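>>> Give me a model of this one.
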Amino acid sequence: MSASSKVRVGIILPESHYGEAEWQNAERAIAFADEAAGGGAQLVLFPEGYPGPMTGPLDNPKFPFDPIEELKKKAKQHSIYIIAGNVTDSDVAGAYLLTLRLLGPEGTELACYLRQQPDTPPLNAYLYGGKGHLLPGQEPCVVDTDLGRIGLLICSEMWVPELPRLLMLRGAEIVVSPIHGRHSKTGFQASDTWHCIARARAAENLFYALSTQNIYLRDDFDYKTQLSAGAIAAGPEEMIGKRIDPGILFCDLDMDRLRYLRTRNFDEENLSRQDDPDWVPLRCRPGQIFERDPALYRELAEPSPYSFDYQYWRTDDLDSWISEYDRIYEGDYQRILKKYGAPFTFKER
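Purely as a prediction, here's the structure:
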């Protein structure tokens, strides 16, 4: 499939509604799709689980329509790609699936990615309105499009170096990893680190890394002090764009430059003094994707004492994750449970 030389992306940073009120995200998502298309976006990225349902009841009757189905229509109307998500039921009672969906300009769903390495149950319960158990997906996802090859991750999967690297090995040129975002004050402040991670992954894998988050509208919560990352677009050579206020971040991705960096290495030309006044200096390592020796990394695929068992749900006892936490915490997790009263109990106000 022929690919574009320039790709304009519209990265949505919305004010989002949480829980029972999240049905209000649906109409706003449609308006954002129209606005992004009007700004020339060829690829539109929404935050994790947006427009939902995700944090509230999955069968909330207040939703005016099925958001994903309506976004398919917008993708077709504007001949664009849209990336959006939600949470759905699974075949395991009490467990759910977190999806990230790539919708194409024909109005069809090109991919439905399931997060391969979900958060652990306490964080899931905090983020998803008590839904503590998300079943892991089984396959990486890279989709060939006329914009380029798009890889899908969700939130902190970008922090796991092996997952973006797998997408690079499958040819991904644009990797998205939308973030959830916090809905109350917590002890977590990692905005600067998120920006660092996005730039590092883009540089070491020679792809464009895109992300954004939900900015939750809740009483007594100042999102500016608890921002996870905002909207960001990182490239191998620089941070291309970022936004911290609600709205749309528009960025243009130079795919020709990316492909140049991917098909070169250090050579006699770029290691020589440049006489060409139009020469663009290299601000990353060209050919970085080829400089790897798999024989050195076998240990990465082996379990370690610190590995959480993401297959705990197969025991038919969803509470078996607690013993995993006790093992990793070396018994200290019982102190935390005693302090807060029970699993999935948080001090949010």
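
>>> Please count neighbours and contacts with C-alpha atoms only from this point.
Will do.

>>> Name all residues that make contact with the spatially most central residue of the chain.
For the chain, the residue sitting closest to the mean C-alpha position, by CA atoms, centre = their mean, is S177 at 1.9 Å. When contacts are counted by CA atoms under 8 Å, 6 or more residues apart in numbering, S177 touches L152, L153, I154, C155, S156, E157, M158, A209, L210, S211, T212.

>>> Repeat the analysis, applying 7 Å as the threshold.
L152, L153, I154, C155, M158, L210, S211 (CA atoms under 7 Å, 6 or more residues apart in numbering).

>>> got the domain boundaries for the chain?
Structural domains assigned to the chain are 6-262, 303-343, following automatic domain parsing.

>>> Helix, strand, or coil at K242?
Three-state assignment for K242 (DSSP: H, G, I helix; E, B strand; the rest coil): strand.

>>> now swap in E69 and tell me
Strictly by three-state DSSP, E69 counts as helix.

>>> how many neighbours does it have?
Residues lying near E69 (other CA atoms under 10 Å) number 13.

>>> ok, now how distant is it from A75?
Distance from E69 to A75, counting by CA to CA, to the nearest Å: 10 Å.

>>> any idea where the helices of the stretch 1-150 of the chain begin and end?
Assigned by DSSP state H, counting those that start in this stretch, the helices in the stretch 1-150 of the chain fall at 25-38, 67-78, 121-127.

>>> Of all the domains of the chain, which one is nearest R273?
Nearest of these to R273, taken as CA to CA: domain 6-262 at 18.5 Å.

>>> and the closest one, average pLDDT?
Domain 6-262 shows a mean pLDDT of 97.

>>> That one: how far from the chain's middle?
Centre-to-centre, domain 6-262 and its host chain are 5 Å apart (CA atoms, centre = their mean, to the nearest Å).

>>> can you pull the contacts of T108?
Here T108 is in contact with K72 (criterion: CA under 7 Å, 6+ apart).

>>> Would you mind measuring from it to P161?
For T108 relative to P161 (CA to CA), the value is 31 Å.

>>> likewise L97?
L97 is 23 Å from P161, by CA to CA.

>>> Tell me which of these two has more neighbours.
Neighbour totals were compared for L97 and P161, and L97 leads with 22 against 14 (other CA under 10 Å).

>>> List the residues that contact R115.
L98, T99, P136, G137, L153, I154.

>>> and the residues you listed, which are buried?
Among the contacts of R115, those scoring as buried are L98, T99, P136, L153, I154 (criterion: 16 or more other CA atoms under 10 Å).

>>> which residue sits closest to the first one in space, ignoring its chain neighbours?
Right, L98. V87 (4.6 Å; CA to CA, 6 or more residues apart in numbering).

>>> And for the fourth one?
For L153, ignoring the flanking residues on the chain, the nearest one in space by CA to CA, 6+ apart is S177 at 4.6 Å.

>>> Go ahead and produce PDB holding the CA coordinates of stretch 285-300.
C-alpha atoms of stretch 285-300 as PDB (Å, rounded to 0.1, in the frame of the first residue of the first chain):
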ATOM      1  CA  ARG A 285      21.000   7.500  15.400                       C
ATOM      2  CA  PRO A 286      20.100   6.500  11.800                       C
ATOM      3  CA  GLY A 287      19.500   2.800  11.400                       C
ATOM      4  CA  GLN A 288      18.900   2.400  15.100                       C
ATOM      5  CA  ILE A 289      16.300  -0.300  14.400                       C
ATOM      6  CA  PHE A 290      19.000  -2.500  12.800                       C
ATOM      7  CA  GLU A 291      21.400  -2.200  15.700                       C
ATOM      8  CA  ARG A 292      20.200  -5.100  17.900                       C
ATOM      9  CA  ASP A 293      21.500  -8.500  18.700                       C
ATOM     10  CA  PRO A 294      18.600 -10.800  19.800                       C
ATOM     11  CA  ALA A 295      21.000 -13.300  21.300                       C
ATOM     12  CA  LEU A 296      21.800 -10.900  24.100                       C
ATOM     13  CA  TYR A 297      18.100 -10.400  25.200                       C
ATOM     14  CA  ARG A 298      16.900 -14.000  25.900                       C
ATOM     15  CA  GLU A 299      16.800 -13.300  29.600                       C
ATOM     16  CA  LEU A 300      14.100 -10.700  29.000                       C
END
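
>>> buried sites along that stretch?
Applying 16+ other CA under 10 Å to stretch 285-300 flags R285, P286, G287, Q288, I289 as buried.

>>> next one: stretch 212-225
Under 16+ other CA under 10 Å, the buried positions of stretch 212-225 are T212, Q213, N214, I215, Y216, L217, F221, Y223.

>>> Do you have the strands of this structure handy? List them.
6-13, 15-16, 43-45, 81-89, 96-103, 109-114, 142-145, 148-152, 174-176, 208-211, 215-216, 231-234, 239-243, 247-254 (DSSP state E).

>>> Any chance of TSV for those strands, columns distance to C196?
As requested, the strands of the chain are exported to TSV (distance: least, CA to CA, whole Å):
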stretch	distance to C196
strand 6-13	18
strand 15-16	24
strand 43-45	20
strand 81-89	23
strand 96-103	23
strand 109-114	25
strand 142-145	23
strand 148-152	19
strand 174-176	15
strand 208-211	11
strand 215-216	20
strand 231-234	9
strand 239-243	9
strand 247-254	18
